[in-house]
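> here are the coordinates; sequence isn't available:
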């Protein structure tokens, strides 16, 4: 079984049931949610032994996060801390024109002080791939340094590094994001970016294919993947360009779709799928995620394969 | 801050969760619901100091209604009564062909005996506008008289009178409605009517624009607004006709859409918006309402403005 | 299988979950509740073919009541009416000192106009026993007459008449209750009364035993049963006095305990139990009811017998 | 009132709320579900006195099923058994590409040993119609025999026999289904089959009309009905072919649509509707079912007629 | 109507339903909770016009708090801030030995920067009484200053100052609490303290009566109230000592009992009750609170009076 | 970290919320429940690396069980099987006299065919202790053999064997239990038995101390532990008798108390606690369990130690 290590923050997501506004909510549904742990969950469920490195407060809310990941078989290799809080976010969902509203409450989270020295970096060294995202260095100066340190450690250990730009406008400005991330990219083997973020942060306008090829031309990535929501994804690998259309799916639970794509992509790739196969696998995992409550892609290899085959007319019984 | 006073009945709405029929329901969700208090809630939330005049039983269900309005900042200027019950209605919702079913249980409600003499009419006199609907005079003889009395008081105090025809076929016949309402219209400054009701009650067939212009021609209204669900609204004001398309929105929670429109319209108009601006503001408030559970438009000025700008592609985070 | 017919009002009971006050409730739990139908449910579940006569509005809330009774096998022999509403009551529950609060909302209920002529009285004529309570004649003039008419019909058909005084201070004054009920008692074979009501309405102070013996001495009842909550019940039958202690039980769901007692008593009596056996059976049914949510005693003969044997230490598995 | 008897298994359906996967569910919603009892419920609610014959474990889960049917007025004429369990199934629902997943857990159910000798077959003899489906003989050897025996009993009593092929691929192979069912068809008056099943089991490809006419030509059925989901149904009766388009409806609760169709069809047919009227009635019942949670069609004659008239634009109030 | 102003932090309380641990919770129930706003709610509901001064984030969670207070008629005179978060706390409840666990998550709350200059202090000046607690100065240096400033403003305006020591060991050490609070006490007219806190913070061991008398002797308070949970409260006022036993009550919802006591005490005192009357009123309000979910005392004057009379045996109906 | 391996069946427990009977339940709460996995959960949470060996159906319900154990950090070393079902049980709970009712639905479970050959027995060999119970050999002939085989494997690997008699009267008769279990006891190092079971199955009447000493005298156990619910536990070890009183606790969630005791006992013992220390640790874990919903003891070492210290008066905050 191939191994994946990820690093980042996982929050408790608090969402009123149905279309209820936060202002009038009497209950919140609770989920664990974080880009990197979402990827770990999807990959683990699809056959990759996945570890999530992080720092959590040693408290019931911190343990709530840990048990959520364990439930899917992901190993939480976490530092438990007496300092810092458990970050949360409020998610309010409705049809247009209200749409989805995210209110972050992640200031002061324990993870913001995590350093490479205190994390079990041997999990990165022995893994086949290490994944983190552009959210992590946005969270604190310390985490920007830690992100760089961990990528460095991975590179030295010949662990493939995977970086998803994942720009969050509520965390930082495009300029600061560009500056920080550009420095990190030298340490990245597989670079994933939404075409919208490529434009906002990296200034790369154009079709996903143009963006992917431009990125591949500019830097020495092993693989570049550019995603575009409903329009699918494009990868450039070994000089070849591979296009993958999105797989049509419901829209009830879109949060975490991008992470499910990356998790599915990596699961396939690490189990020796080719890049185009991995793109398809990622697209199917992403399509399934859109039908699953919470941030985690509660998928199985069978469901992903069934989705790729395009089955499921009617109810089999 | 401009002031608005409204007068009418507010019921407790009892609705089974999801698509469950009343016949098999084990729980009811509880909301406060009434055309005039819905208008007060929307207006209050959008910057108008709103008061709702009414009569409630001095009982836990009566207090349930009062606290629901207070929650949004509306001041319930209510007479508490030892006599009369708290009106309710059952609401059953499903997709077509079942659709929505309303079962009124509002007979014997305390409000039916409310007289101008016992109500705090100084709230009307000092307000900038007074709003009520055609539901109120339909509820009892006493209320028909009270409605006329309150409109009279408003007029004498130079408070702008706003009347929404709001025909309810389960309460009275078109003929009786026409007779009663026609008498009231001499006291009305701003007249709002759904084009369907204009035809049923007032016998005015034709496009919303034709209806609005005809109404404006026939009577000495300050403003006439004719609404038409998915097709928007038309206002005639100062001899000019203004057309406002509906803003596209989900269909999950349509109950209260018309009231949200009026509340948004008045909020803008009373804060010195022009009539076309107020129409747009009303349309956006109505669109948001369709995504919010319950009868009340739990909106903010920011959400209304965002809706007018047509934003919200994707999730900002 | 012996047959029982009952007649009375059944309401929808709306109760906030847990200890929530009605004033702040977001949901109500829904149960069907009525003294006479409660008796029918208990008796039916314990082996007596039970019919409940009444009048219901032909509406979803009316059908909600009907299906609740059918669920337990009781046959609702009801007139469906276009007039009149479905009565409800709000029930708020908490520990002392808040205690339980009942807010009736039963004015205008369809049943209030029910007459003997429109009811399927053949069900009474062919039954072994007919049961109603002092709540029924309190509800309207018409129902006072109907109650007398039905007792008369039962008597003429040699159907044993059972009457539970069941005084409700929110419905009428003791004087009016005494006057109405005293007239009915000539038609009653089995008279059940709480000792508190015997004092309030009939002016009979003293111990339950004294009250029972006094009632038996004064009138020509077949059986008199006086109940006293935690202290059990006393019956006088054929000149003999039988005392039955209450069976200790939890206090989570006391509403309907008295009806469960009567239902259990009748079930045993009609299946040829002796009066003391029937008292024991009633006490066990009442004890079980106190542990069952809602007004209905969802019991089985096995559970009643197990309770009589005093079993249930620990969990059998 | 005409009478219908049905025979088959009814399970407890356990479904996580909303789109939740079974793997992560904390609660299951509970419904009673079985093709033949679904038909009985729909027919009973639409004016036919319906009895459901079966065998249930004498346990709380068995009683749960019984009370679910009683609630709708269906009489459960069941053998209570000390042996055998209550069958269940897990139902997981989501949008495409996840779709609906059914996990049967019906092995060892009490009903599998039911024999004609122990069932109250007088209910079949006195009924106007007897209905069962191809699910029943698939469940056990004993039930295959019992199915044949009951059809025989019905035929001898001049009770119209109705058989819905209802192929379940998780219960048996097409070959075994064909063999068993072909033998039964000689005893069938009204044969209902989905066009997909006609192809899979009977090898009849072609349009629903072709299939229906072919079936009518091959055997001596009184009526043949071929259904085709979104495309409606075709009946051949007395040499005439009748086509009925599906009535458009939501897709929230499709489980039980086919049974609702048959229940509506039979309700109309037994109340002396013509075959084309019955087809329309069935199509409207099926359309309503798609909007009702659970397996049972909680319909009323008024709702079915309203659906046939194509009403329900907007909310009437 | 007398007027009360309070100042302090209000949090969102997140509690798993029933006895569920936070670690395994899928939902949280949401309540607004803060000592000073709890007092305002109780006082408002019991006849005092109450205002709560504070600072909230201008966000849905901040508005959630505001609407919770408005619901009870309290006027939230709040500064809305772009900076700072909405404080929360997790509450886990169970029987002994697990007991109740409070996990504060109130770091970085918007209120921590609130200054007298930005708050609407005219509300304090025109009020009859101003209330705050020892929690407020524990939250930040700024708030320690602000607390002193507001007490000063109250004193200068002849508004009675009320201070409840309310020691929170998770916020500060006893030494620091003593130092800060001792300075404030010169500005306090009515001083309330739990006997446990008097010992921990002020070093006053002894019976509540001894503690109260000692406090009254040492400083120039108008009134001293010492509370002792199950054993009631003692007040020293005008040289007289008044003892009030606790009123027995359930234990389901103890959080907020102390605040309910103070709210009830002040409501009575401000409506010209004597000190012993106010103690009784406070004890009854506290007893009722223990039966009400959430932190707020959803009481009525009638319920408080009924509790004082010691009523509520059985259910009145 | 010491290691523990356990082997046995884990069911899905389906329980209606609150006091609701199964017969009328609309929802079931879902928990994973099995004596041996309960022990593994408690031990894992208290510092022992725990593995649970078993066989599960390769289906969503089987995965539901697996993820429930993973959530607590237990490693499910399970064979996934295409054959056999997921066992369940229904649990109905209420106060006396209804009490708790368990309805097993575990026939045909996948685990019943589990053999030592297909299980990952290396987990037993490398563990410090291996635990199973008398439930396992009661489930099938195969499992009786497998239980013996696994105990043999443990013994040969010098893994301490722990056996809890855990008699289930719904699974087998005392005679058959005695016969089967007596054979196994030669392979057992630590024997745990409830005094009631010691009497029923082994014929050992007398006080727990007498029973424990008698068992220790009769056989060559390393340790004998006899438990007695409210009266605590007695251990005989190395010729010494240690008595441990029960720790008083609520009674809301007693299911799993015995397993929590064993889990706590083993956790302490394996972390080199003495036998009396382990008894205390077990008693505290058991006391906490009685306050935790579900079968699993969601405890922490801190909570156990706090319970031993007897803390938790009031709420610390």
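That came in fine, so what should we check first? The structure displayed is predicted, hence computed values, not measured ones.
> residue of chain A closest to chain B, please.
Distance from chain B to each residue of chain A (Cβ to the nearest Cβ) is smallest for residue A:95, at 2.7 Å. For every residue, glycine as well, the C-beta is placed using N, CA and C.
> measure the nearest residue to that residue once chain neighbours are set aside to residue E:1 for me?
Once flanking residues are discounted, residue A:95 sits nearest to residue B:250: 2.7 Å by Cβ to Cβ, 6 or more residues apart in numbering or on different chains. Relative to residue E:1, residue B:250 is positioned 44 Å away (Cβ to Cβ, to the nearest Å).
> residue A:57 too?
Counting by Cβ to Cβ, the separation of residue A:57 from residue E:1 is 45 Å.
> got the residues of the stretch 51-200 of chain A near chain B?
Residues of the stretch 51-200 of chain A found near chain B (Cβ under 8 Å from any Cβ of the partner chain) are A:94-102, A:104, A:168-170.
> doesn't residue A:90 lie inside a helix?
No: read with DSSP: H, G, I helix; E, B strand; the rest coil, residue A:90 is strand and lies in no helix.
> just say helix, strand or coil for the spatially closest residue to it that is not a sequence neighbour.
The spatially closest residue to residue A:90, leaving aside those adjacent along the chain, is residue A:103, at 4.2 Å (Cβ to Cβ, 6+ apart). Following three-state DSSP, residue A:103 is assigned to strand.
> tell me the SS of residue A:241?
For residue A:241, the secondary-structure state derived from three-state DSSP is strand.
> for it, give the beta-bridge partners.
Residue A:241 has the following beta-bridge partners by DSSP bridges: residue A:236.
> look up phi and psi at the closest residue to residue A:279 other than its chain neighbours.
Distances taken as Cβ to Cβ, 6+ apart place residue A:244 nearest to residue A:279, at 3.8 Å, with adjacent residues excluded. Reported as degrees, to the nearest 10, the phi and psi values for residue A:244 are phi -130, psi 120.
> give me the distance between residue A:244 and chain D.
15 Å (Cβ to the nearest Cβ, to the nearest Å).
> now swap in residue A:279 and tell me
16 Å.
> for chain E, what are the nearby residues on the stretch 51-200 of chain A?
So the stretch 51-200 of chain A meets chain E at A:59-61, A:63-64, A:67, A:85-86, A:88, A:90, A:92, A:101, A:103, A:105, A:107-108 (Cβ under 8 Å from any Cβ).
> one step back: which ones are touching the residue nearest to residue A:90?
With contacts defined as Cβ atoms under 8 Å, 6 or more residues apart in numbering or on different chains, the neighbours of residue A:103 are A:22, A:89-92, E:59-61.
> residue B:250 and residue E:1: who's more crowded?
When neighbours are counted by other Cβ atoms under 10 Å in any protein chain shown, residue B:250 and residue E:1 differ, and residue B:250 comes out ahead with 18 against 11.
> how far away is that one from residue B:4?
In this structure, residue B:250 lies at 28 Å from residue B:4, with Cβ to Cβ as the measure.
> how about residue A:12, what does it touch?
If a contact means Cβ under 8 Å, 6+ apart, then residue A:12 has A:30-33, A:61, A:64-65, A:86-89 as its contacts.
> dump those to a markdown table, plus pLDDT.
Shown next, in a markdown table, are the contacts of residue A:12 (pLDDT from 0 to 100):
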| residue | pLDDT |
| --- | --- |
| A:30 | 98 |
| A:31 | 98 |
| A:32 | 98 |
| A:33 | 97 |
| A:61 | 98 |
| A:64 | 98 |
| A:65 | 98 |
| A:86 | 98 |
| A:87 | 98 |
| A:88 | 98 |
| A:89 | 98 |
